Structures are given as C-alpha cells and as structure tokens.
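Visitor: Model the following, please.
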Amino acid sequence: MRNIGLFFALMASLSAGAKVKLPALLCDNMVLQQNSDARLWGEAEAKSKISVTTSWTNEVYSTYAGADGKWCLSIKTPEASFEAQSVTIMEGKADKITLRDVLIGEVWLASGQSNMEMPLKGFPGCCVKDGAHDAMYAMRESPYVRMFNVKQLQSYRLVESCKGQWMKPTFSNALEFSATAYYFAASLSNALQVPVGIVNSSYGGSHVESWTPKDILETYPDIPTDSVGVYSFGQYQFDRPLVLYNGMFNPIKNFTYKGIIWYQGCGNVGHADTYAERLKNMVERWRKDMNLGDIPFYYVEIAPYMFGDGKSIEGALLREAQYKAQYLIPNSDLISTNDLVEPIEVYNIHPRQKRTVGLRLALLAMNKTYGMSNLPCSGPRYDKSKFRIVDGKAIVGFTSLYMGICRNYGLTGFEIAGEDRVFYPANAEFHWQTNEVYLTSDSVPHPVAVRYCFKDFQIGNLIGGNELPLFPFRTDNW
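Guide: Numbers count the residues shown, from 1 in each chain. Take a look at the predicted model:
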C-alpha cells in the first residue's frame, strides 16, 4: 500500500510539473495583431510537444519545448473583426489551456514616464480633463479597446515574466487606463472600426537610460552599470538606469505589435546634449529585440513647464533634442503639446488635456501607418531655408503646411534678438501670400535671431491644419 501511495504521489508531481505555463500577456480578453504571424510563448515540460489551435482556422500549429522547457511559435491571424475568438494551447495530449474572448485587431505598445502612466482618474493633485466622465462611458463609446497594464518592476537582472491582465473598458477598469493611450486607442478603434489593444508599460519619472540595456549603457561614460552604481544613481528611485528595460520591457518584447507610442523626456531635462542619440539607441534596440522590423515609433514633445527660475531654457533644449531625434530614428515622428497647457499649469508637470495628446498621436498613425496621407497630422515646422533679415525685419517661413496657417493674427510666442543676444517679444505680422511671418521690435533695430516658445514655459498660438501647433524653434545656437 505504501508503494502504491508513493507511485500516485510521484505521478501527481510529474503531472503538475508538466503543465503548460503562459506569460501574463497571453490570457483571456487579449488582442492579437491582425494579418500577422502573432507570437505565442511559454514554458512546459522539457522537450514536450506544444500544439495550438484557434477558432478561426482548422490549422494546427506545433513546436517542441527546449531542454529548458521554453517554447515559442507563431500563428497566422486573420483580418480584424469584433467577433470573439479563442486560442487553445496543449502540451502533449492531455494538458491544455483555452484563452477566450480573444479579439483580432491592432496592437500598440505605450511606454514612457508619468504622463503616459497617468490614468483617466488622474493623479493626486493632477486631474485629467473629463477623464472620469470618459471612463464612465468607455464601454459604450469604445467597447473594443482593451488594455494591459504592466505591473511596475525595477530589476537589475533580466526578468522574463510580468504581472498584469487584459482589461475591458468597464468603468472601474477604464479609470486605471493610461489616459493618453486610451484616447489614442479609442480614436484608432473608431476610425478604423477594429479592436485596438494597448500594452501599457510606463513608469513615472523614468529616464531614457532606465529603458536601455546594459551593453548600450556601458558605452555611456556618465552612467554606471554595476549593481551598486545603478541602485545609488541619482536622487530618486526612478533615476536608475537599466532597471526598467530588464523589469518592464524584456518580459513583453515577444508580443506582436503594430507600433510604439512614447511619452517621456522630463526625466532627461538638463541632459539634452545626449538625449536624441540615446533615444535613438533605445528604439533601435527595442526594435531589434521585438524582431518586427522598423515598426512605427510616435512620441510626444514634453509640454511647457517651469523647470527653473523663469530664465531657464533646459526644457526648451530637451524639446529641441526630441525634435532632432525624429531625423535619427527611422519611421518615427512626434507631436507638439505647446498649446495643450494653461497658464495655471506653469508648475504642473502633468497637464490635464490628455485627450488631444492621444488624438494627435492617432492622427500620426492614421496618416503614416494606415495610409490616410491626406489627413493633416503635423503642425507647421520652421523652415531654415526661408529665414532671412530684410530692412530690420526677421522673416521666418514654414514647412508641413497642411491647409496653410490657420491662425494668422494676434500671434504670440515670437521673440527676436540682435547682436547682444538679448531677446525681446516680437510684433508678428503674417503674410498670407507666402505663409511667412515678419517679426519686428522697437528694442531690436537690427535683428539676427528668432525664437518661438523657446523657454521652459511659454505658450504660442500659431496653428496649422487640424489646429496643430507650430513646433517651438530657434534660429540661433546660443
């Protein structure tokens, strides 16, 4: 009897160890990228056979777990639809897991720091305009938007799993959705008439170096990569390099995405000289790790905020670095938020107008990713080739003039300076014949340089098509 008992105990333990295990991302309610080879992965008994079947095809996909028990395979997904599907994953002939209420649509990764993390319910002391109202109606207005919030984790060593679950936009769930990512997803879902899934992996205060792997960081002379140096770096926990790449990107890199949206930069204010190159390096590695090619990378220029004493331009320099990064990163673009703050938000690092941020990101995606090239998606941009000084007037012209200049009187935000490098507010006169702005000031009889909203906190009002703002710029390099 004793031997029989030991036999059944042994069989039970072997059976328990053989059960297929899936990462948190693969669960009920998930969204899979349409028309793709969507990756599935997990763990099982070493060298056991893994079979996958889906509700939309009779095809059986199979592979074998490695000696370490890990396995990965890809399944063909159909065109998007609102019909709930299922995916069944089986180890051998007995143990299986069925994932239900799976949707096929568009999948985007949302990442960055607190302005991406900020949920519809807001943060203490910082609200999202109409956030709670929009969460209340999310299930009615955008029932096929789903979000996976990656549980925040810092790790010095690579982590292969994360915690979280795919959530439908019920009121209680939607309150926890990233506001920027939700508005982006809702806009896409309604415009394309497909489900949209967002994997939200963001961490307040994080630096671009926090999301960068060790081998790249080792090439940066100012960044430590040993464990003591990493955990003692900077003033705050969110300053730490490496730890979010390991803890919050590595576990989700195998999922199949259409593109990435990114809202970060405040953490790197004061280090604008290295930001553009380091953002490029991060994106390059992420794309390599994802093995999806140069998928779209759309990001947000940080909003006006008084980082210093009112004379500082550290925030402006970081925005300039963000602007430069788009020319270093293939298949990337950014939106400006210069107009999406109010005077009372001068010391609010989390501006409340997140709906428009999400919409502007969606306009980029609609134009550049989904083929609607006639849709205005970018505000006017300073055109260096058109800058000139004529008879005491500084003249600036622009590119990206979708529908021309749509605000052409009462222009604010421009400054001009002479050889003394002292900037004064400029009188701005719009010339509709050439879409140029003529700038003068009684204090600057002989101007040599122009700036537009090139301060930590300055709001301009020149806009182009779709009410998209002129990007802040400067003609000097002072």
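
Visitor: pLDDT averaged over the longest strand belonging to the chain, what's the number?
Guide: The single longest strand within the chain, with elements called by DSSP state E, is strand 95-112. Here strand 95-112 scores 97 as its mean pLDDT.

Visitor: Just list what the helix or strand following that strand packs against, helices and strands only.
Guide: With elements assigned by DSSP states H and E, the helix or strand that comes after strand 95-112 is helix 114-117. If contacts are counted by 3 or more Cβ pairs under 8 Å, 6 or more residues apart in numbering; DSSP states H and E, helix 114-117 sits against helix 179-192, strand 196-202, strand 259-263. Any C-beta I mention is one placed from the backbone N, CA and C, and that applies to glycine too.

Visitor: so can I have TSV of those showing distance to residue 356 and mean neighbour count?
Guide: Shown next, in TSV, are the helices and strands packed on helix 114-117 (distance: least, Cβ to Cβ, whole Å; neighbours: other Cβ atoms under 10 Å):
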stretch	distance to residue 356	mean neighbour count
helix 179-192	8	26
strand 196-202	18	27
strand 259-263	13	26
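
Visitor: Kindly reformat those as TSV containing mean pLDDT and distance to residue 77.
Guide: Output for these, formatted as TSV (pLDDT from 0 to 100; distance: least, Cβ to Cβ, whole Å):
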stretch	mean pLDDT	distance to residue 77
helix 179-192	98	16
strand 196-202	98	12
strand 259-263	98	16
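
Visitor: Could I get these in a markdown table, plus columns for distance to residue 368?
Guide: Formatted as a markdown table, the helices and strands packed on helix 114-117 follow (distance: least, Cβ to Cβ, whole Å):
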| stretch | distance to residue 368 |
| --- | --- |
| helix 179-192 | 13 |
| strand 196-202 | 17 |
| strand 259-263 | 9 |
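
Visitor: circling back to that earlier point, for the longest strand of the chain, which strands pair with it and how are they oriented?
Guide: strand 31-33 (parallel), strand 81-91 (antiparallel), strand 196-202 (parallel), strand 259-263 (parallel) (DSSP bridges).

Visitor: how far out from the middle of the chain is stretch 163-180?
Guide: What separates the centre of stretch 163-180 from the centre of its chain is 17 Å, taken as Cα atoms, centre = their mean, to the nearest Å.

Visitor: Just the terminal-to-terminal distance for it.
Guide: End-to-end distance for stretch 163-180, by Cα to Cα, to the nearest Å: 21 Å.

Visitor: buried ones in it?
Guide: Using 16 or more other Cβ atoms under 10 Å as the burial criterion, the residues of stretch 163-180 that qualify are 164, 166-169, 173-175, 177-180.

Visitor: ok, now stretch 329-338?
Guide: Within stretch 329-338, the residues that qualify as buried are 329, 331-338, counting by 16+ other Cβ under 10 Å.

Visitor: Need the contact partners of it.
Guide: By Cβ atoms under 8 Å, 6 or more residues apart in numbering, the surrounding residues in contact with stretch 329-338 are 279-280, 283-284, 294-304, 322-323, 325-326, 351, 357, 360-361, 363-364, 368, 377-379, 453, 459-460, 468-472.

Visitor: Pull up the distance across it, start to finish.
Guide: Start-to-end span of stretch 329-338 (Cα to Cα) is 22 Å.

Visitor: Show me where the stretch 251-400 of the chain has its strands.
Guide: Residue ranges of the strands in the stretch 251-400 of the chain, as given by DSSP state E, counting those that start in this stretch, are 259-263, 297-300, 332-335, 381-390, 393-399.

Visitor: Can you list the strands that the last one pairs with?
Guide: Next to strand 393-399 in the sheet, as set by DSSP bridges, lie strand 381-390 (antiparallel), strand 436-440 (antiparallel).

Visitor: Output the below-cut-off pLDDT ranges for the protein.
Guide: 1-18 (pLDDT under 70).

Visitor: end to end, how far does stretch 331-349 reach?
Guide: 28 Å.

Visitor: Also stretch 386-401?
Guide: End-to-end distance for stretch 386-401: 14 Å, by Cα to Cα.

Visitor: Show me which residues of it are buried.
Guide: The neighbour-count check on stretch 386-401 (16+ other Cβ under 10 Å) flags 387, 393-398, 400-401 as buried.

Visitor: Need those residues in a markdown table (columns: distance to residue 88).
Guide: Shown next, in a markdown table, are the buried residues of stretch 386-401 (distance: Cβ to Cβ, whole Å):
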| residue | distance to residue 88 |
| --- | --- |
| 387 | 62 |
| 393 | 71 |
| 394 | 67 |
| 395 | 66 |
| 396 | 61 |
| 397 | 60 |
| 398 | 55 |
| 400 | 49 |
| 401 | 53 |
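
Visitor: Now flag whichever of those residues is closest to residue 250.
Guide: Using Cβ to Cβ, residue 400 is the member of those that lies nearest residue 250, at 36.4 Å.

Visitor: just to revisit the earlier point, and the furthest pair within the buried residues of stretch 329-338?
Guide: Taking Cβ to Cβ, no two of the buried residues of stretch 329-338 sit farther apart than 331 and 338, at 24.0 Å.

Visitor: how far away is residue 462 from residue 347?
Guide: As judged by Cβ to Cβ, to the nearest Å, residue 462 and residue 347 stand 25 Å apart.

Visitor: Pick out whichever of those two has more residues nearby.
Guide: Neighbour count, other Cβ atoms under 10 Å: between residue 462 and residue 347, residue 462 has more, with 25 against 9.

Visitor: I'd say the more buried one and residue 437 touch.
Guide: Yes: Residue 462 is in contact with residue 437 according to Cβ atoms under 8 Å; the separation is 7.4 Å.

Visitor: Could the C-alpha coordinates of the one helix or strand residue 228 maps to be exported in CSV?
Guide: Residue 228 is part of helix 227-231, with elements assigned from DSSP H and E. Extracted in CSV, the C-alpha atoms of helix 227-231 (Å, rounded to 0.1, in the frame of the first residue of the first chain):
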residue,chain,number,x,y,z
SER,A,227,24.6,46.9,-9.2
VAL,A,228,25.8,49.3,-6.5
GLY,A,229,26.1,52.2,-9.0
VAL,A,230,22.7,51.5,-10.6
TYR,A,231,20.8,51.5,-7.3
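
Visitor: angle of the host helix or strand of residue 146 against helix 179-192?
Guide: Here residue 146 sits within strand 145-149, counting by DSSP H and E. Orientation of strand 145-149 against helix 179-192 (axes from the mean of the first three to the mean of the last three Cα atoms, to 10 degrees) gives an angle of 150 degrees.

Visitor: List the buried residues in the helix ranked longest in the chain.
Guide: The longest helix of the chain (DSSP state H) is helix 272-290. Within helix 272-290, the residues that count as buried by 16+ other Cβ under 10 Å are 272, 274-276, 278-287, 290.

Visitor: so how far is that helix off the chain centroid?
Guide: Chain-centre distance of helix 272-290: 13 Å, with Cα atoms, centre = their mean.

Visitor: Which other helices and strands does it contact?
Guide: Counting contacts by 3+ Cβ pairs under 8 Å, 6+ apart, helix 272-290 is packed against helix 214-217, helix 314-325.

Visitor: so which of those gets nearest residue 265?
Guide: When these are compared by Cβ to Cβ, helix 314-325 sits nearest residue 265, at 5.5 Å.

Visitor: contacts for that closest one?
Guide: By Cβ under 8 Å, 6+ apart, the surrounding residues in contact with helix 314-325 are 265-266, 268-270, 272-273, 275-276, 279-280, 299, 301-302, 304-305, 307-308, 332, 334, 453-457, 471-474.
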